[in-house]
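*Asks:* Kindly generate the corresponding structure for this input.
(3 chains)
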Amino acid sequence: MSILTRASRNVLYDLWRTLKLLTHNRVGFVGLVGLIWFILLTFAGPSLVPLSQESSMTEIYQPPSLAHPLGTDFQGRDIWAQIVHGGKDVLIVACITGLISTTIAVTLGSLSAVLAGIFDSFIMWLTDIWLTIPHFPVLAVLAAFVKLDNVWLLAFILSFLSWPTLARAVRAQVLSLKQRDYVEAARALDLGTRHIIFSEILPNMMSYLAISLVFSMTSAIYAQVALVYLGLVPFATNNWGVMLSLAWTRGAIYYRDALLYIMAPVMAIALFQLSLVWLTRSLEEVFNPRLRTSV
Amino acid sequence: MNTDCPMIELRQVSRTFRVGKRTVKAVDSVSLSIREGEIVCLVGESGCGKTTTGKMVAGLLRPTAGHILFLGQDLEQIRGAERKKYRLAVQIVHQDPYASLNPAHTVQDIMGAPLLRHQLVSSPAAARARVRELLQVVDLTPPDDFLDKYPHQLSGGQRQRVSVARALTVNPSFIVADEAVSMVDVSIRISLLNMLARLKDEMGVTFLFITHDLALAKYFAWEGRIAVMYLGRLIEVAPTPHLVNRPLHPYTQALLAAIPEADPRLTRSKQRVQLRSLDIPSLLALPSGCTFHPRCPQFQEGLCERQVPPLVDLGDGTQVACHVVARDKAP
Amino acid sequence: MKLQPSTFNLHPSEDQVVLSVDDLWVEYAARRGVVKAVRGVSFQVQRGETVALIGESGSGKTTLGLALIRLLPRTARIPRGRVRYYRAGGECDVLTLSPQELRRFRWQECAMVFQSALNALNPVLRVADHFRDTAQAHGSLDGAEAQERARELLRLVQLEPDRVLRAYPHELSGGMRQRVLIAMGLLLDPQIIILDEPTTALDILTQRAVIDVLRNLRQELEFSLIFISHDLSLAAELADRVATMYAGAIVEIGDVYEIFEQPRHPYTRGLIHAVPTVTGDLEQLSSIPGSPPDLIDLPPGCKFALRCPYVQARCRQEEPVLEMVSPGHFTACHNWKQIDEH
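*Replies:* Model prediction:
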């Protein structure tokens, strides 16, 4: 039976236990709730909250009211609706970027550490080169040639730029875990390289990986927002990054009434990231049996 | 199969490591043979190379010189199925109960993995049954209490038993126990050792028991042999009763005299061996000739610091590497 | 001696007792509950005496040692008990000293060398600097006096003062570092030294050197030594009295020869029978079945009952207190009279 089918069977078997664990830690639970809230908000919300693109000059920078829970922007449009509609792309790019870069980094980093020798030297050389490439200039140049309006494309590019740092960190962790007695025992029992990487070493790094995943997601969000802000990404649709960019360029920082316009996307991003970070507390308990106070 | 052939034989095995620009010879020309069903203890202080030797025997490190033979076959020559047979036949039990088991796996996971991987059982259910059997062999009863526990839920002694059970999953014929009871509470060491001795009697497992504790070595290997190492070299090998009661090499004599005993009258009146120097040489700067000569009370100038004493067979299963002893015992 | 007079209760106590521990309890707060690490420990140490606290993991011996000089971590509490320290001129309760007084108490009156102290030396300072810093921090020895005393002590621990004072810690072997730490402990001439597992990480021959050094020091200087260890043979070598600890309490205490010859507590007896000797023929050895109790959820009655070969119904209900077996020898066992050495 292959390792993967056994692993997936284990996950299903443990799904109930995993779910229970996720809710066990109070902070993690809040994080989980926050994450679910944001997912619902940004994916299901648009069908519930209408977005009006019409500007209404009489309603510029209105304070919060029943009609406009977060007030209005410089064109009189409802901020709350913009928040609801503007999160999907941001989340998708963050998620895809996080997953792709983490997968590449983990695979290359752990293989590099376990196989050592020429393969290791090659990968390290590659990461060295990659790390010296400055991100933004490259993105700026790319933006001139390629239209970065597709979420998938943006995600791929961002993840290609961010995997080297994580790969090195993963390699260092794996190198240290490789020395552990239980890994040596696995070698003596002839359990194979695949088993050693995926069953012996990686499970002990899961909380580290989960946190790295979360941070790569958050830095993807920042990168996106910064790109939009700099005008390098011609997003046609609204998203939080666009809101932030418009808020800034329209001088929202100068008007007290415009505070909500600039703070709304900032808070949305911050709260989403906070939910993720808090969720990792629960994830630590899932992956590290020692932290569990009850089995 | 030639039944006279020893199970494991080391012929002039050496292992060097590179430390920065210098090389350290952790193991220097060790020759030892272990017969089936024997218990051999490898003793010595830290840095003497006993752990490195143990790992080479278990196939986890390769010698940089010399040959290791398993059932008469050189390990460097065997390939494929033969090599796999050897890997599974020789297992290792580590010292640190807190590092020898993967904290993310349950006991069932840990022991089931080799069973399933090498298809020693037909199904996961059969694996569970076999794990139960093995847990009983190592006195972890009732086994169902332990199957789904994680290592941090077990005590040090229990973890060591799981380590041993894990080694047993592949039906080894040889186990290298590297300080396997040193980090376990004193009150349960003996029961662990008794369990290992039972494995020898009931399952025919041969042991190489590595320890720095001569008293434990004496207890465990009373019917076997003790091999003493110093700074990478074997300096004395003898049947345990001989070595403990009539040690020949000055280092062995000093060691035995230095050990404190759990009996105040005995230990306070024990005669100690005065060494010439309290300095312990480093592996990076080994003394010339016999490496023990700067500390040896029987140092003979002109002889001991010039030539490395060879390991001489004195009959009776006793071998000693000392110029003075060889001269005195010369027929 | 610079402890303020007000610290002392001006009624001088018995001449020979230097430390008196009365009903000491130490607890830690843990996630699952409260860990009762030390439970009602009482004992006394006389001037110039060596007391060995022997116990295995979870016995509370290290916690007890740390409590004596108040080096417990923040999660620890001392709900009850007194640790009284006596010297010519008065006594004081260590547990109620102010931070300043405590700093003077530590090292001048009582020094402690910890477990795995081999790494306790600062790698960027020479040994001479360590001595100087210690002297300055705790006492009033001036530079020259401190150095002179350091040299004297290093000689007493069989080290060459010139070579060692100039060296950095990594240039010294484990055994040498341990001896340097012992010498540092004695720098300000304390009345008590506490050693936690002094020979654990050391090789046999190095261990022997440290044991001989300690024995020598006790003859030359007059200090009381409390050492904490799991190694019974160390107690057999050095101790005048031995106390065995189990599950946070002292279960037996008495003269070293008496304890080894005729132990009156099943745990002590079990320990002695579990340790092999290297001299002589093969002996019959046995383990103690079972494992130590959970210190958060202690069973009622005697904590050793589950593992005891002499257990009776009364043992499971009533926890035994220390009873006198003979002058100076006490044991906490209901059935001590039935315990026969053979």
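
*Asks:* Give me the neighbour count for residue 199.
*Replies:* Since no chain was named, I'll use chain A. Residues within reach of A:Ser199, counting by other C-beta atoms under 10 Å in any protein chain shown, total 21. Glycine gets a C-beta too; all of them are placed from N, C-alpha and C.

*Asks:* Actually, chain B is the one I wanted.
*Replies:* Quick note: B:Leu199 (other C-beta under 10 Å) scores 20 neighbours.

*Asks:* The host helix or strand of it and chain C, any residue contact?
*Replies:* Taking DSSP states H and E as the criterion, B:Leu199 maps to helix B:186-203. Yes. Helix B:186-203 comes into contact with chain C (C-beta under 8 Å from any C-beta of the partner chain), by way of B:Val186, B:Ser187, B:Ile188, B:Arg189, B:Ile190, B:Ser191, B:Leu192, B:Asn194.

*Asks:* Redo these as a markdown table? Include pLDDT and neighbour count.
*Replies:* Below are these laid out as a markdown table (pLDDT from 0 to 100; neighbours: other C-beta atoms under 10 Å in any protein chain shown):
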| residue | pLDDT | neighbour count |
| --- | --- | --- |
| B:Val186 | 86 | 20 |
| B:Ser187 | 84 | 25 |
| B:Ile188 | 87 | 23 |
| B:Arg189 | 90 | 25 |
| B:Ile190 | 90 | 22 |
| B:Ser191 | 90 | 20 |
| B:Leu192 | 92 | 24 |
| B:Asn194 | 91 | 16 |
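
*Asks:* Neighbours of residue 38, how many?
*Replies:* Picked chain A for this. A:Phe38, neighbours per other C-beta under 10 Å, totals 19.

*Asks:* that's the wrong chain, I meant chain B
*Replies:* Neighbours of B:Glu38 (other C-beta under 10 Å): 18.

*Asks:* quick one: it and B:Pro239 touch, right?
*Replies:* No. Taking contacts as C-beta atoms under 8 Å, B:Glu38 lies outside contact range of B:Pro239: 10.5 Å.

*Asks:* Common neighbours of the two, please.
*Replies:* Jointly contacting B:Glu38 and B:Pro239 under the rule C-beta atoms under 8 Å, 6 or more residues apart in numbering or on different chains are B:Gly224, B:Arg225.

*Asks:* Any stretches of the stretch 101-250 of chain A with poor pLDDT?
*Replies:* Filtered on pLDDT under 70, the stretch 101-250 of chain A yields the residue ranges A:148-149, A:234-237.

*Asks:* scratch that, chain C is what I was asking about
*Replies:* C:1-15, C:116-118, C:139-140, C:341-342.

*Asks:* now do the stretch 51-200 of chain B
*Replies:* Those would be none, if you go by pLDDT under 70 across the stretch 51-200 of chain B.

*Asks:* need the residues of it near chain C, please.
*Replies:* Going by C-beta under 8 Å from any C-beta, the residues of the stretch 51-200 of chain B near chain C are B:155-158, B:185-192, B:194.

*Asks:* how about B:Leu101, secondary structure?
*Replies:* The three-state label given to B:Leu101 by DSSP: H, G, I helix; E, B strand; the rest coil is coil.

*Asks:* Verify the contact between B:Pro287 and B:Cys304 for me.
*Replies:* No. B:Pro287 lies out of contact with B:Cys304 (C-beta under 8 Å); the separation is 9.4 Å.

*Asks:* what's the helix holding B:Leu199 packed up against?
*Replies:* If contacts are counted by 3 or more C-beta pairs under 8 Å, 6 or more residues apart in numbering or on different chains; DSSP states H and E, helix B:186-203 sits against helix B:156-168, strand B:174-178, strand B:206-211, helix B:214-220, helix C:266-274.

*Asks:* burial measure for residue 150, as a count.
*Replies:* Just so you know, I chose chain A. 11.

*Asks:* Correction: the question concerned chain C.
*Replies:* Applying other C-beta under 10 Å, we find 26 residues neighbouring C:Ala150.

*Asks:* Same check on B:Ser269?
*Replies:* 8.

*Asks:* tell me the phi and psi of it?
*Replies:* phi -110, psi 0 (degrees, to the nearest 10).

*Asks:* Quick check: the gap between it and chain A.
*Replies:* 41 Å (C-beta to the nearest C-beta, to the nearest Å).

*Asks:* Contact partners for that residue?
*Replies:* So B:Ser269 contacts nothing (C-beta under 8 Å, 6+ apart).

*Asks:* Per-residue confidence at it, what does it come out as?
*Replies:* pLDDT, B:Ser269: 88.

*Asks:* buried ones in stretch B:126-133?
*Replies:* Buried residues in stretch B:126-133, defined by neighbour count with 16 or more other C-beta atoms under 10 Å in any protein chain shown: B:Ala127, B:Arg128, B:Arg130, B:Val131, B:Arg132.

*Asks:* Could you export those as a markdown table, including secondary structure?
*Replies:* As requested, these are exported to a markdown table (three-state DSSP):
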| residue | secondary structure |
| --- | --- |
| B:Ala127 | helix |
| B:Arg128 | helix |
| B:Arg130 | helix |
| B:Val131 | helix |
| B:Arg132 | helix |
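
*Asks:* Tell me the secondary structure at A:Ser65.
*Replies:* For A:Ser65, the assignment made with three-state DSSP gives coil.

*Asks:* again, but for A:Pro265
*Replies:* Look at A:Pro265: counting by three-state DSSP, its state is helix.

*Asks:* What residues does it make contact with?
*Replies:* Residues near A:Pro265 by C-beta under 8 Å, 6+ apart: A:Ile83, A:Gly86, A:Trp240, A:Gly241, A:Met243, A:Leu244, A:Ala247.

*Asks:* and the residue lying closest to the last one once chain neighbours are set aside, how many residues sit next to it?
*Replies:* It refers to A:Ala247. Distance criterion C-beta to C-beta, 6 or more residues apart in numbering or on different chains; nearest residue to A:Ala247, sequence neighbours excluded, is A:Ile262 at 4.1 Å. As a burial measure, A:Ile262 scores 20 neighbours (other C-beta under 10 Å).

*Asks:* Quick check, A:Ile262 in contact with A:Leu246.
*Replies:* No. Applying C-beta under 8 Å as the test, A:Ile262 and A:Leu246 come out as separate, 9.4 Å apart.

*Asks:* For the helix or strand encompassing C:Arg80, list the C-alpha coordinates in PDB.
*Replies:* Assessed by DSSP H and E, C:Arg80 sits inside strand C:76-87. The C-alpha trace of strand C:76-87 is given here as PDB (Å, rounded to 0.1, in the frame of the first residue of the first chain):
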ATOM      1  CA  ALA C  76       7.100  27.300  41.500                       C
ATOM      2  CA  ARG C  77       5.500  28.200  44.800                       C
ATOM      3  CA  ILE C  78       6.500  27.400  48.400                       C
ATOM      4  CA  PRO C  79       3.200  27.200  50.200                       C
ATOM      5  CA  ARG C  80       4.700  26.000  53.400                       C
ATOM      6  CA  GLY C  81       7.900  25.400  55.200                       C
ATOM      7  CA  ARG C  82      11.000  27.000  56.600                       C
ATOM      8  CA  VAL C  83      14.700  26.700  55.700                       C
ATOM      9  CA  ARG C  84      16.700  27.900  58.600                       C
ATOM     10  CA  TYR C  85      20.300  28.700  58.300                       C
ATOM     11  CA  TYR C  86      22.500  29.000  61.400                       C
ATOM     12  CA  ARG C  87      25.900  30.500  62.000                       C
END
